[in-house]
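Visitor: Predicted model and sequence follow; I will ask about them next.
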Amino acid sequence: MPRSLLITRIGELVTNTPDGTVPASAEPTGVAPANTAKPAGTAQPGGTAQPSGPGGSFAAIGDAALVIEDGWIAWTGPAAQAPAADEVVDAAGRAVLPGFADSHAHLVFAGERSAEFAARMAGRKYTAGGIRTTVAATRAASDAELRAGLGRLAGEMLAQGSTTFECKSGYGLTVPDEARAVALAAEITGEVTYLGAHVVPAEFAGDPGGYVDLVCGPMLDACAPHCRWADVFCERGAFGADEARAVLTAGLGRGLLPRIHASQLGPGPGIVLAVEIGAASADHCTFLTDADVDALASSDTVATLLPGAEFSTRQPYPDARRLLDAGATVALATDCNPGTSYTTSMPFCIALAVRDMRMTTEEAVWSATAGGARALRRTDIGYLAPGARADLIILDAPSHAHLAYRPGVPLIHAVYKSGRRVG
Ligand SMILES: [Zn+2]
């Protein structure tokens with residue numbers, strides 16, 4: 001791999017950059033300060049620059065270029081001012097965006113549930129018990145089968161522009177099956193989440209407290225070495241506030257940072273709990289109380305919206321506008337899982353968010369990139385400026401807006417991860 005790569009003639013460069021933000025509509029040349037800082041040292045020994053993380057809102061420059069050095073963004077600015085590099089890629093007017101950061105996905109499972117989906121579309125109501133179907137299939141699968149499924153879904157993610165994705169356990173629900181799930185997930189991502197508290201398995205139906213003890217004890221011990229995060233499905237029919245608090249507190253005790261499934265099927269205590277416990281993200285947020293909105297808006301907890309779930313269950317979409325207007329930070333993620341959102345496509349979620357959740361195209365793209373980075377507490381991704389990892393996508397389109405404007409069309413022209421072309 002050459003040491004430096006210049007991508008030039010970029011029609012629209014989405015930077016989400018925390019300084020020198022320039023609206024896409026502004027005059028492209030001479031407005032954006034050409035950032036000439038040294039390339040980020042971030043995780044590299046001896047580096048000097050620290051990643052600043054994405055800024056709080058969408059920003060882009062027209063007629064732009066960027067330089068990648070050793071896997072990191074070294075320079076961004078007007079194409080006319082771009083420095084020389086060892087290799088040049090001509091973007092020919094295409095848009096360049098940060099790679100998507102999908103902060104919510106359940107990828108370790110066996111089987112599929114298309115019959116359940118078809119029945120639901122025909123008018124039957126979704127119940128959380130459907131998870132148990134996948135649990136049975138997952139327990140019966142070999143490691144090789146699970147690894148193959150995981151690899152296939154990870155490939156789909158990357159091909160559709162998600163250069164970072166989170167992956168949860170939660171379809172094993174025994175100590176060895178959960179430990180196997182997080183170990184397999186750790187083979188393909190650093191963002192592994194322990195979700196032993198996905199649902200109470202059938203064998204504990206008469207003793208949910210006993211299952212919570214298992215989740216907080218031996219199962220956590222077996223899973224923690226492979227995980228960065230702990231999660232809990234705080235919902236009627238799954239786990240209540242006290243149980244969720246116990247699970248997340250136990251996770252914190254083992255160094256696992258909290259995140260939560262909250263208020264997907266109805267209003268509940270999960271969002272306020274997430275803020276109380278300092279969770280990075282409260283996910284779903286479909287049924288919001290005023291207290292929930294206030295809590296999110298006055299905290300660092302990201303509201304992660306998962307429109308693929310509402311699409312696939314024919315529920316009302318979460319009220320993104322209410323959250324944004326209140327000042328909450330919003331992320332978009334796929335929730336890829338075989339029961340309620342079997343999509344790996346962030347472009348699809350962006351289109352839904354714009355069309356049906358009243359997010360602007362800029363807000364939706366920010367939420368799918370910078371918002372996901374914040375939901376994963378990452379400062380090295382979600383933006384394109386010196387200090388950022390060179391995780392980016394080139395669209396076969398001149399503007400980010402085409403992701404929603406041309407729904408269902410494969411617009412990902414190229415994918416780079418740490419400066420290397422991977423798709
Ligand atoms: Zn989920």
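Guide: Alright, I've got the coordinates.
Visitor: Going by secondary structure, Leu5 is in what exactly?
Guide: strand 4-14 (DSSP states H and E).
Visitor: Spell out which strands sit alongside that strand in the sheet and which way each one runs.
Guide: With DSSP bridges as the test, strand 4-14 is paired with strand 60-69 (antiparallel), strand 87-90 (parallel), strand 95-98 (parallel).
Visitor: Give me the buried positions along the second one.
Guide: The neighbour-count check on strand 87-90 (16 or more other C-beta atoms under 10 Å) flags 88-89 as buried. The way it works is simple: take the backbone N, C-alpha and C, and place the C-beta from them, glycine included.
Visitor: Can you tell me what sits against it?
Guide: Strand 87-90 has contacts (C-beta atoms under 8 Å, 6 or more residues apart in numbering) with 2, 4-9.
Visitor: Same check on stretch 178-194?
Guide: So stretch 178-194 is contacted by 103, 107-108, 138, 143, 146-147, 150-151, 154, 164-172, 196, 219-220, 222-224, 226-231, 251, 256, 259, 376 (C-beta under 8 Å, 6+ apart).
Visitor: Name the single longest helix found in the protein.
Guide: Ranked by residue count and defined by DSSP state H, the top helix of the chain is helix 143-159.
Visitor: what helices or strands is that one leaning on?
Guide: helix 175-186, strand 412-417 (3 or more C-beta pairs under 8 Å, 6 or more residues apart in numbering; DSSP states H and E).
Visitor: who wins for proximity to Gly77 among those?
Guide: strand 412-417 (18.3 Å; C-beta to C-beta).
Visitor: What's the first helix or strand after the closest one?
Guide: Immediately after strand 412-417, counting by DSSP H and E, sits strand 420-421.
Visitor: Partner strands of that next one and their direction?
Guide: Strand pairing (DSSP bridges) places strand 420-421 next to strand 412-417 (antiparallel).
Visitor: Let's test this: mean pLDDT of the strand it pairs with, rounded?
Guide: Mean pLDDT, strand 412-417: 98.
Visitor: Also stretch 187-199?
Guide: 97.
Visitor: Pull out the buried positions in that stretch.
Guide: 188-189, 191-199.
Visitor: Would you mind measuring the gap between the ends of that stretch?
Guide: By C-alpha to C-alpha, to the nearest Å, the extent of stretch 187-199 from end to end equals 25 Å.
Visitor: Tell me which of the strands paired with strand 4-14 approaches Ile412 most closely.
Guide: strand 95-98 (9.7 Å).
Visitor: List of residues touching that closest one?
Guide: 7, 10-14, 16, 54, 64, 66, 161, 365, 369-370, 381-384, 388, 391-395, 397-400, 402.
Visitor: Helix or strand next in line after it, which one?
Guide: Once strand 95-98 ends, the next helix or strand along the chain (criterion: DSSP H and E) is strand 100-102.
Visitor: which one is Glu235 nearest to, not counting chain neighbours?
Guide: Leu265 (5.5 Å; C-beta to C-beta, 6 or more residues apart in numbering).
Visitor: what does the helix or strand containing Ala295 rub up against?
Guide: Assigned by DSSP H and E, Ala295 falls within helix 290-297. Helix 290-297 has contacts (C-beta under 8 Å, 6+ apart) with 263, 267, 271-272, 275, 282, 285, 301, 303, 322-323, 326-329.
Visitor: Among these, which lie within helices?
Guide: Per DSSP H, the contacts of helix 290-297 map to helices at 271-272, 275, 322-323, 326.
Visitor: which of the residues you listed has the most neighbours?
Guide: Neighbour count (other C-beta atoms under 10 Å) singles out Ile271 as the most crowded of the ones in helices among the contacts of helix 290-297, with 29 neighbours.
Visitor: Which residues are in contact with that one?
Guide: 260, 262-263, 282, 285, 288, 292, 295-296, 303.
Visitor: Pull the number of nearby residues for Ala159.
Guide: 15.
Visitor: How far does the least confident helix or strand in the chain by mean pLDDT sit from its chain's centre?
Guide: Every helix and strand of the chain was ranked by mean pLDDT, DSSP states H and E. The lowest is helix 114-121, at a mean of 90. Averaging C-alpha positions (C-alpha atoms, centre = their mean, to the nearest Å) puts helix 114-121 26 Å from its chain's average.
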